[in-house]
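Colleague: Just to be clear, the model below is a prediction. Sequence and coordinates:
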Amino acid sequence: MRLYLIGMPGSGKTTLGRGLAASYEVPFLDLDEELVRQEGRSIPAIFEAEGEAYFRQREADVLREVVANHPQMVLATGGGTPCFHDNVDVLLETGLTLYLSVPVATLVGRVLAAAKSRPLLAAFPDEAALEARLRETLQIRKQFYDRAPLRCEGPTCTVAAVRQLLVRYQTSA
Ligand SMILES: Nc1ncnc2c1ncn2[C@@H]1O[C@H](COP(=O)(O)OP(=O)(O)O)[C@@H](O)[C@H]1O
Ligand SMILES: O=C(O)C1=C[C@@H](OP(=O)(O)O)[C@@H](O)[C@H](O)C1
Ligand SMILES: [Mg+2]
């Protein structure tokens with residue numbers, strides 16, 4: 001199985017992805033971590049030195065590489081991954097994609113706690129500005145996230161709930 005997690009920054013893709021991979025006993029990969037490992041520098045350092053366009057190109061390349069190399073995995077993508085370079089088509093064609101849908105009000109607190117590690121949001125340190133920015137971003141990205149065949153709502157989205165969702169999806173397919 002290839003299971004892909006998509007959703008906004010702070011929605012819990014990395015956290016849930018680790019849990020699901022452990023539960024299914026398949027490798028866990030995080031696209032941001034792969035990129036950081038290859039580049040030998042952090043996400044904020046890449047954004048600062050090269051800009052977003054470079055990051056998006058590398059993100060698209062690493063996605064295709066990871067997919068080619070891993071017939072079995074749970075992959076946590078970055079929040080923007082499905083929205084650039086036709087990446088959403090790669091996801092839909094090569095695995096099962098789950099959209100982790102979490103209310104913006106919940107995202108705000110989580111992202112504030114780690115704002116520095118997310119360069120696109122680092123410029124919005126106050127809560128109201130960050131919330132407005134996240135709402136705008138979600139409006140733009142929703143059309144991509146909504147293409148996922150599977151969706152779960154943040155608070156209910158546990159490893160056990162996703163396992164059940166997958167069983168139901170696979171038996172109805
Ligand atoms: N289900 C959850 N309930 C509460 N906090 C969570 C949950 N999932 C993730 N978090 C916290 O939210 C933050 C962002 O989670 P992360 O997995 O890095 O999200 P993403 O990879 O989607 O950006 C982290 O501090 C994490 O501990
Ligand atoms: O939303 C985005 O465009 C981004 C989200 C980040 O991943 P998370 O969603 O894991 O925070 C990371 O890929 C980069 O900072 C860009
Ligand atoms: Mg992540």
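Modeller: Good, I have the coordinates. Predicted, not measured: the structure shown is a model, and the values here were computed from it. Ligands and ions are numbered 1, 2, ... in the order given.
Colleague: Now do the strands in this protein.
Modeller: Ranges of strands in the chain, per DSSP state E, are 2-6, 28-30, 73-76, 96-101, 150-153.
Colleague: to the chain's geometric centre, what's the distance from the first one?
Modeller: Distance, stretch centre to chain centre, for strand 2-6: 8 Å (Cα atoms, centre = their mean, to the nearest Å).
Colleague: do the same with stretch 62-69
Modeller: With Cα atoms, centre = their mean, you get 15 Å for stretch 62-69.
Colleague: Outside of that stretch itself, list whatever touches it.
Modeller: Stretch 62-69 is contacted from outside by 2, 29, 31, 34-35, 38, 73, 75, 77, 81, 87, 90-91, 94-95, using Cβ atoms under 8 Å, 6 or more residues apart in numbering. Any C-beta I mention is one placed from the backbone N, CA and C, and that applies to glycine too.
Colleague: cool, stretch 135-152 as well?
Modeller: With Cβ under 8 Å, 6+ apart, stretch 135-152 has contacts from 6-8, 79-80, 82-83, 88, 91-92, 96-101, 104, 120, 161-162, 165-166, 169.
Colleague: Provide a PyMOL selection command restricted to the buried entries of those.
Modeller: Of those, the buried ones go into a single PyMOL selection, burial set by 16 or more other Cβ atoms under 10 Å:
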select buried, resi 6+7+8+79+80+82+83+88+91+96+97+98+99+100+101+104+120+162+165+166
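Colleague: just checking: which of the contacts of stretch 135-152 also lie near ligand 2?
Modeller: Contacts with ligand 2 within the contacts of stretch 135-152, counted by Cβ under 6 Å from any ligand atom: 79-80, 120.
Colleague: Can you show me the helices along this structure?
Modeller: Under the criterion DSSP state H, the chain contains helices at 13-24, 31-39, 43-50, 52-69, 87-94, 104-113, 127-145, 159-172.
Colleague: Mind checking the pLDDT average for the last one?
Modeller: Model confidence over helix 159-172, given as mean pLDDT, is 95.
Colleague: Over stretch 26-45, what's the mean pLDDT, rounded is fine.
Modeller: The predicted model gives stretch 26-45 an average pLDDT of 98.
Colleague: Can you give me the end-to-end span of it?
Modeller: Across stretch 26-45, the terminal residues are separated by 30 Å (Cα to Cα, to the nearest Å).
Colleague: neighbours of whichever residue of the chain sits closest to ligand 3, just the number please.
Modeller: Of all residues in the chain, Thr14 sits closest to ligand 3, at 3.5 Å by Cβ to the ion. If you count neighbours by other Cβ atoms under 10 Å, Thr14 ends up with 17.
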